[in-house]
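Peer 1: Fold the following for me, if possible:
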Amino acid sequence: MDLWCALWFWPLDQANHLPTQEEWWFVLETLLLGSATLAESLPSADLFPETVPQSTLDFTPERDRYGQVDIDALVTALPTLNAASRVAQTQRFFHWELDFADRFKSRGGFDLVLGNPPWIKVEWNEQALLSDFDPRFAIRRLSAKETADQRDTLFSATPPARPEYLAECVSTEGLGAFLNALQNFPLLRGQQSNLYKCFLPVAWRAGFQVQALLHPEGIYDDPRAGELRAAVYPRLRAHYQFINEHGLFAEVHNLTTYSINIYGKTHSEPHFRTIANLFVPATVDACLTHPGGGPTPGIKRQEGGWNTDGHANRVVVVNRSLLETFARLYDAHGTPVEQARLPAVHSRELVAALKRLAKESNRLANRGGAYSTTVCFDETAAQRDGTIRRQTGFIKSPTDFIVSGPHLYVGNPLSKTPRRLCNSNKAYDVIDLEYIPDDFLPRSNYVPACDSQTFASRVPVVDWIIEGATKRSSFTSHYRLVFRKMLSQSGERTATPAIFPPQVVHIDGCFSVAFASQTTLIRFCAVSTSLLFDFYVKTTGKGNFRAELIDNFQFPFVGRCDAVECRVLALNCLTKTTPGCGMKAGEMNSGKTAGRVLTVDFPPTSLASSPRIGGGRTASEAILLDDKRC
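Peer 2: Numbers count the residues shown, from 1 in each chain. Have a look, this model is predicted:
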């Protein structure tokens, strides 16, 4: 078993001893049977000969005084086993069935398995490794490209760094390949490697009664984890989801969600209880022992602070029927019930709301209208290939504006601006919309690092072709609905949509949607700004905004509603030029955009009474709407 595992971590300098399939069987036979014959194929000019002449090597290893194969002597004699033995000593492979053979033989495993498996994504961290030899790699927070540029300089100045670098690379890449191999972990096929996921099938195999594990929520909302969920639900007895706002894990972000999961023997049908939005373990006991009656406590207290009170209504029992509801709401059409994603339902009262929402069949993905989604620029990759560079400062033109997540909020594309020294997502100042000029542009943390033509060529394109065009246009040719990618499940609002104009791009701290119809854009902005959409996003329990949230949401708009559309535009149009979705007055009747001009007369008590609404517009303002595809 060590030999099998070692194949994934084979040293680069021992590549010539990596066994062929024939050599692999030869070594196994020698180990298990005590003798083996190795057939070696001779070179041939004919790639498909009827017969292949072979030379054979008979090998009989030494045996110890008990008649067993002398493994130590065999390791010394066979280079393949010698290399595998050294890899096993380094990687410290552990085989439950061998180390606890007596327990597995007598009882089939352990009565109780408890664990907090490591929440570690298996990924290459070059900076952390190189900083062991030169701390400046970590202190200066070099970009990926800057790190790569200085790597060879470090290798030249510090000779021991190169072999350790290669050894660590083999270990990391080998572990990733081992965990992603279908023959090792078939239930994890297609998912991102994370060590806690690998512990699930191991714990189920090692324990035959009860297994209780504390791990992140990824298995319940990953669209590619359907097969794993199908194995989880029949075993799951209880699921208690926590948000780390009380800092139970000091080294973990306060918005991180995780759960206590209790598994048992496989049942024919799923049936388990779940409690969501917990902050301290005592709330679990309070919910399970609560007699019922009285109002169900919310996530926060009226006077402020996180609510840790328990209530019987917080305990939601999940069975096959409820999983069917979840599958209709959160998964693609045709998803098996056993693979449905598990949302974070705060109380039993909300189950009725979800069932009502699931009866609708007007998903945006089913409407037939053209729309495309993108994360635009990957923050790391775009710096590495010279598309953008980190440089915090005020921008002079919208074409230089690269949006980050904190820039926007609900219906507000100008919510915050980075501070001069911006080193975290909290180093932003709130923008006072009553005092900014009509041509205001905020600071940006990034600027283009290449010429405008190259920069434009690297912007993603939409999925449709505009009438009269010969190729697909870029996202920056369209108004877009932009969301923060990071979702605050315990925040006042979770979904944070705002409309951004053409020219503006963003990093992957945001997620944007472009629509072929501006009317659909405005209407979907109205829907996604609503509490209904925010409730839907909260129940998913997701930490990141992805396209599936757009695709699967029920889109209730079936007709025109001028009042709603005008309210959306009034909230998002904050300047007379970009950013914000306002257009210059002269552009409205210039014929550049086919549509109708709608005169909006806000009543005195409406938003128009604010000293600053729509970039200083008057109460009666011409707002352009594209009505061509209504």
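
Peer 1: where along the stretch 101-250 of the chain do the helices fall?
Peer 2: Taking DSSP state H, counting those that start in this stretch, the helices of the stretch 101-250 of the chain run over residues 101-107, 126-130, 136-139, 144-157, 161-180, 195-206, 218-221, 226-232.

Peer 1: Ok, which of the ones you listed comes nearest residue 566?
Peer 2: helix 218-221 (35.6 Å; Cβ to Cβ). Quick note: C-beta positions are derived from backbone N, CA and C, even for glycine.

Peer 1: Mind giving me the packing neighbours of the closest one?
Peer 2: helix 195-206, helix 226-232 (3 or more Cβ pairs under 8 Å, 6 or more residues apart in numbering; DSSP states H and E).

Peer 1: Show me what the last one is packed up against.
Peer 2: It stands for helix 226-232. With contacts defined as 3+ Cβ pairs under 8 Å, 6+ apart, the packing partners of helix 226-232 are helix 195-206, helix 218-221.

Peer 1: for the stretch 301-450 of the chain, which spans come out with low pLDDT?
Peer 2: 361, 366-369 (pLDDT under 70).

Peer 1: same thing with the stretch 1-150 of the chain?
Peer 2: Counting by pLDDT under 70, the ranges of the stretch 1-150 of the chain that qualify are 34-69, 141-145.

Peer 1: and the helix or strand hosting residue 444, which strands flank it?
Peer 2: Using DSSP states H and E, residue 444 sits in strand 443-448. Strand 443-448 has the following strand partners under DSSP bridges: strand 388-394 (antiparallel).

Peer 1: List the contacts of the next helix or strand after the partner strand.
Peer 2: Counting by DSSP H and E, the next helix or strand C-terminal to strand 388-394 is strand 402-403. With Cβ atoms under 8 Å, 6 or more residues apart in numbering as the test, strand 402-403 has contacts from 377, 388, 444-448, 482, 500, 504-507, 510, 579.

Peer 1: ok so, going back, what about the helices and strands packed on helix 226-232, which gets the closest to residue 296?
Peer 2: helix 218-221 (22.4 Å).

Peer 1: Export that closest one to CSV, keeping only CA atoms.
Peer 2: This file holds the C-alpha atoms of helix 218-221, laid out as CSV (Å, rounded to 0.1, in the frame of the first residue of the first chain):
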residue,chain,number,x,y,z
GLY,A,218,-18.7,23.3,1.0
ILE,A,219,-20.1,19.9,0.4
TYR,A,220,-23.7,21.2,0.8
ASP,A,221,-23.5,24.0,-1.8
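
Peer 1: Now tell me what touches it from outside.
Peer 2: 194, 197, 200, 225, 228-229, 232, 239, 259, 341-342, 540-542.

Peer 1: Please apply the same query to stretch 351-365.
Peer 2: Under Cβ under 8 Å, 6+ apart, the answer for stretch 351-365 is 316, 322, 325-326, 328-329, 343, 345, 371, 524, 535-536, 539, 550-556, 558.

Peer 1: Could you tell me which of those belong to strands?
Peer 2: Using DSSP state E, 316, 371 are the members of those that sit in strands.

Peer 1: Of the contacts of stretch 351-365, keep whichever come out buried.
Peer 2: 316, 322, 325-326, 328-329, 343, 345, 371, 524, 535-536, 539, 550, 552-555 (16 or more other Cβ atoms under 10 Å).

Peer 1: Filter those down to the ones in helices?
Peer 2: 322, 325-326, 328-329, 524, 535-536, 539, 550, 552 (DSSP state H).

Peer 1: Any chance of JSON lines for those, columns distance to residue 487?
Peer 2: JSON lines is the format used below for these (distance: Cβ to Cβ, whole Å):
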{"residue": "322", "distance to residue 487": "23"}
{"residue": "325", "distance to residue 487": "22"}
{"residue": "326", "distance to residue 487": "18"}
{"residue": "328", "distance to residue 487": "22"}
{"residue": "329", "distance to residue 487": "17"}
{"residue": "524", "distance to residue 487": "18"}
{"residue": "535", "distance to residue 487": "13"}
{"residue": "536", "distance to residue 487": "12"}
{"residue": "539", "distance to residue 487": "12"}
{"residue": "550", "distance to residue 487": "13"}
{"residue": "552", "distance to residue 487": "15"}
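
Peer 1: for the residues you listed, which one is nearest residue 253?
Peer 2: After measuring those against residue 253 - Cβ to Cβ - the closest member comes out as residue 539, at 20.8 Å.

Peer 1: now the closest one, nearest residue through space, not along the chain?
Peer 2: residue 343 (4.1 Å; Cβ to Cβ, 6 or more residues apart in numbering).

Peer 1: Need the phi and psi values for that neighbour.
Peer 2: Dihedral pair for residue 343: phi -80, psi 170, per degrees, to the nearest 10.

Peer 1: any idea how far residue 360 is from it?
Peer 2: Separation of residue 343 from residue 360 (Cβ to Cβ, to the nearest Å) stands at 16 Å.

Peer 1: ranges for the strands of the stretch 351-500 of the chain?
Peer 2: Remark: strands assigned in the stretch 351-500 of the chain by DSSP state E, counting those that start in this stretch are 371-374, 388-394, 402-403, 416-418, 428-430, 443-448, 480-484, 497-500.

Peer 1: tally of neighbours for residue 195?
Peer 2: For residue 195, the neighbour count with other Cβ atoms under 10 Å is 15.

Peer 1: ugh, wrong one, residue 98
Peer 2: 11.

Peer 1: Might one say that it is in contact with residue 2?
Peer 2: No: between residue 98 and residue 2 there is no contact under Cβ atoms under 8 Å: 9.7 Å.

Peer 1: tell me the mean pLDDT for stretch 566-578?
Peer 2: Stretch 566-578 shows a mean pLDDT of 82.

Peer 1: How many residues are close by residue 504?
Peer 2: Neighbourhood size, residue 504 [other Cβ under 10 Å]: 25.

Peer 1: and the residue lying closest to it once chain neighbours are set aside, how far is that from residue 507?
Peer 2: For residue 504, ignoring the flanking residues on the chain, the nearest one in space by Cβ to Cβ, 6+ apart is residue 401 at 4.9 Å. From residue 401 over to residue 507 the distance is 12 Å, taken as Cβ to Cβ.

Peer 1: distance of the spatially most central residue of the chain from residue 218?
Peer 2: Among the residues of the chain, the one closest to the centroid is residue 544, at 5.9 Å (Cα atoms, centre = their mean). Distance, residue 544 to residue 218, by Cβ to Cβ: 11 Å.

Peer 1: Kindly report the same for residue 137.
Peer 2: 29 Å.

Peer 1: Surely residue 248 is in contact with residue 242?
Peer 2: Yes: with contact defined as Cβ under 8 Å, residue 248 counts as touching residue 242 (7.1 Å).

Peer 1: Of the two, which one has the most company?
Peer 2: Between residue 248 and residue 242, residue 242 has the larger neighbour count (other Cβ under 10 Å), namely 24 against 14.

Peer 1: Now do the same contact list for that one.
Peer 2: By Cβ under 8 Å, 6+ apart, the contact list for residue 242 reads 248, 257-260, 278-279.

Peer 1: Nearest to residue 436 among these?
Peer 2: Nearest member of the contacts of residue 242 to residue 436, counting by Cβ to Cβ, is residue 257, at 35.9 Å.

Peer 1: Report the contact partners of that closest one.
Peer 2: 216-217, 241-244, 344, 489, 541, 543.

Peer 1: Output the residues you listed as TSV; include the columns distance to residue 111.
Peer 2: What follows is the contacts of residue 257, written out as TSV (distance: Cβ to Cβ, whole Å):
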residue	distance to residue 111
216	26
217	27
241	26
242	26
243	32
244	31
344	31
489	35
541	31
543	34
